[in-house]
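Engineer: Structural data only, the sequence is not supplied:
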């Protein structure tokens, strides 16, 4: 019976041991792998948006700001507006002092 040179189950070489353990870290740390992938994607976005640009808002001109700074400012302003609207419009009963139990039980 001839042995298969590609059979890594009985191989005692370092290459065979490495091939059997390949992907073990990924199976043990799937969330860590996803975090590394997201970090790489964020770094790519940062690298692509470092050039400076200017923006005109009504009669103001914001000159020579990096695109990344403008993106971050837009995200923060959007988050603040969203939170303000959420507190103002989506939860009006709490502002008037009503509770959940008083609405459900007359």
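Structural biologist: Received the coordinates, thanks. No experiment lies behind these values; they were computed from the predicted model shown.

Engineer: going forward, measure contacts and count neighbours with C-alpha atoms only.
Structural biologist: OK.

Engineer: Let me see the ranges of the strands in this structure.
Structural biologist: Under the criterion DSSP state E, strands of the chain are mapped to 52-57, 60-66.

Engineer: Can you say which of these is nearest to residue 34?
Structural biologist: strand 60-66 (27.9 Å; Cα to Cα).

Engineer: contact partners of that closest one?
Structural biologist: Here strand 60-66 makes contact (Cα atoms under 8 Å, 6 or more residues apart in numbering) with 49-56.

Engineer: hmm, 10 Å instead?
Structural biologist: Residues outside strand 60-66 that contact it (Cα atoms under 10 Å, 6 or more residues apart in numbering): 49-56, 70.

Engineer: what's the closest of those residues to residue 84?
Structural biologist: residue 70 (21.0 Å).

Engineer: where along the protein do the helices fall?
Structural biologist: Along the chain, the stretches classed as helices by DSSP state H are 14-21, 24-28, 30-48, 67-85, 92-95, 100-104.

Engineer: Pull out the buried positions in the fourth one.
Structural biologist: By that I understand helix 67-85. Counting neighbours by 16 or more other Cα atoms under 10 Å, one finds that the buried residues in helix 67-85 are 67-68, 70.

Engineer: Having no further points to raise, I will conclude here.
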